[in-house]
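J.: sequence and predicted model, in that order:
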Amino acid sequence: MDWAPSDDDNDESMPFRSIADDVEQQSPVSRVVTHQSSTHCANARLNVQELHAEGNGEEYYSAEEGEPTGEASSRVAMKQMNNHPVTSSSTEVVMEVLYGIMEHNENFKWLIDPVNQARVAKLVEYHLREQTNGDTSIQAFEDEHFLNELRAQVDELIHENLKIKTENVRLMGKGSQSAAVNKSIEELKRRLALSEEAVSMQEGYRREAEVVFQSELEMKSKLVSSLQHDLEEKDSQIAKLLENGTELPGSDNVAPGSEVARLKSTVMEKDREICRLNFQLSTKQKLVDEIAKKVVQQLETTTTASDETVAALAKHLHLDMDMFLFKSVSEKQEL
């Protein structure tokens with residue numbers, strides 16, 4: 001667009017036409033305020049306040065496409081994009097365009113020409129379109145940035161949730177393991193209590209058997225000593241009879257040979273009884289020693305073994321058979 005002043009700027013004979021005069025015939029930019037209709041309006045200036053007041057309620061009409069714009073309009077567009085990052089109304093855009101024109105030339109008589117009015121309309125439309133595109137791109141960029149932030153937050157929350165689930169699984173595994181360990185410990189304690197009870201019972205049987213065998217041993221020892229004493233007396237009597245050849249008192253009617261034979265048989269019987277008692281005592285003493293040794297070994301194993309070994313010992317303990325053997329022997333001896 002040629003922004004140079006026209007040749008008839010100072011021609012006062014040329015009548016002044018407002019934009020409103022051409023509304024019926026051409027497509028003007030807008031219906032703005034009517035300028036004073038004097039013939040000396042060559043240097044008339046635009047009333048900005050009236051333009052803004054009437055422009056807010058008026059409708060703007062775009063011109064046809066294809067009209068070129070000048071350097072001033074491009075410069076005005078750049079200033080408008082730089083100075084107004086937010087969305088502006090069409091009236092504000094028109095004012096920006098007119099301010100740009102005013103910077104180049106303050107003479108507005110060229111606006112009477114409908115062609116120039118169409119050029120201004122196209123320039124305004126161009127500015128509006130550029131501003132709309134810029135706002136749309138900025139909004140799209142902001143939306144994309146917001147979506148990226150939301151995606152990052154969602155990814156972070158998913159990662160945190162995964163960590164929490166992993167920790168919960170680990171804690172649940174530890175809880176199940178601790179429950180199993182506690183259950184096994186309780187089972188071992190129960191087995192240990194049973195084994196201790198069995199050992200205490202066996203110890204009671206052993207002590208009872210020792211008391212019985214000790215009393216029996218004392219009785220047998222006394223019996224052996226008495227038999228030995230009787231045997232010694234009989235031996236002394238036999239020796240005296242053999243040496244002196246005299247008869248025993250109270251046996252006048254009995255032959256000395258038969259009395260000696262009887263005494264010898266009695267001595268032999270006593271000897272056999274003594275041998276039998278000695279054999280029984282030695283056998284029982286060995287049996288008591290063997291069982292006592294077994295009990296001591298089992299008790300030592302119980303004190304040094306683990307819970308599983310103690311449970312196994314209590315399970316496979318056969319000492320009660322020996323205790324029953326002791327009782328049966330004692331009963332037989334009493335009979």
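T.: Arrived safely, thanks for sending.
J.: show me what the strand or helix carrying residue 153 is packed against.
T.: Counting by DSSP states H and E, the element that carries residue 153 is helix 114-244. On a contact count with 3 or more C-beta pairs under 8 Å, 6 or more residues apart in numbering; DSSP states H and E, helix 114-244 meets helix 71-83, helix 90-104, helix 256-304, helix 307-315, helix 319-334. Using the backbone N, CA and C atoms, a C-beta is placed for each residue, glycine as well.
J.: now the longest one against helix 114-244, angle please.
T.: Pointing back at helix 256-304 there. When axes from the mean of the first three to the mean of the last three C-alpha atoms, to 10 degrees is applied, the directions of helix 256-304 and helix 114-244 differ by 170 degrees.
J.: what about the residue nearest to residue 242 when sequence neighbours are not counted, how many residues close to it?
T.: Sequence neighbours aside, residue 260 is the residue nearest to residue 242 in space, at 7.7 Å (criterion: C-beta to C-beta, 6 or more residues apart in numbering). Using other C-beta atoms under 10 Å, residue 260 has 15 neighbouring residues.
J.: and residue 154, what pLDDT?
T.: Confidence at residue 154, expressed as pLDDT, is 91.
J.: residue 186 versus that one, what's the distance?
T.: Separation of residue 154 from residue 186 (C-beta to C-beta, to the nearest Å): 47 Å.
J.: ok, and what's touching stretch 268-281?
T.: With C-beta atoms under 8 Å, 6 or more residues apart in numbering as the test, stretch 268-281 has contacts from 217, 220-221, 223-224, 227-228, 230-231, 234.
J.: which one of the residues you listed is nearest to residue 205?
T.: Residue 205 lies nearest to residue 217 out of the contacts of stretch 268-281, by C-beta to C-beta, at 18.0 Å.
J.: what sits closest to that closest one if chain neighbours are left out?
T.: Nearest residue to residue 217, sequence neighbours excluded (C-beta to C-beta, 6+ apart): residue 281, at 6.4 Å.
J.: check residue 238 too.
T.: Excluding the flanking residues, the one nearest residue 238 by C-beta to C-beta, 6+ apart is residue 263, at 5.4 Å.
J.: quick check: the one you found touching residue 237?
T.: Yes - Residue 263 is within contact range of residue 237, at 6.9 Å (criterion: C-beta atoms under 8 Å).
J.: so where's the protein shaky on pLDDT?
T.: Regions of the chain meeting the criterion pLDDT under 70 cover residues 1-92, 95-96, 99-113, 117, 245-256, 299, 302-335.
J.: ok so, going back, sort out which of the contacts of stretch 268-281 are buried, if you could.
T.: Buried members of those, counted by 16 or more other C-beta atoms under 10 Å: 220, 231.
J.: in CSV, list the contacts of stretch 268-281 along with distance to residue 116.
T.: Shown next, in CSV, are the contacts of stretch 268-281 (distance: C-beta to C-beta, whole Å):
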residue, distance to residue 116
217, 148
220, 153
221, 154
223, 159
224, 158
227, 163
228, 164
230, 169
231, 168
234, 173
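J.: closest one of the contacts of stretch 268-281 to residue 179?
T.: Minimum distance to residue 179 across the contacts of stretch 268-281 is 56.3 Å, recorded for residue 217 (C-beta to C-beta).
J.: quick one, what contacts the closest one?
T.: Counting by C-beta under 8 Å, 6+ apart, residue 217 makes contact with 281, 284-285.
J.: roughly how far apart are it and residue 232?
T.: Using C-beta to C-beta, one gets 22 Å for the distance from residue 217 to residue 232.
J.: burial check on the residue nearest to residue 217, number of neighbours?
T.: Using other C-beta under 10 Å, residue 281 is surrounded by 16 other residues.
J.: one more: the one 3 residues further on?
T.: In terms of burial, residue 284 registers 18 neighbours under the definition other C-beta under 10 Å.
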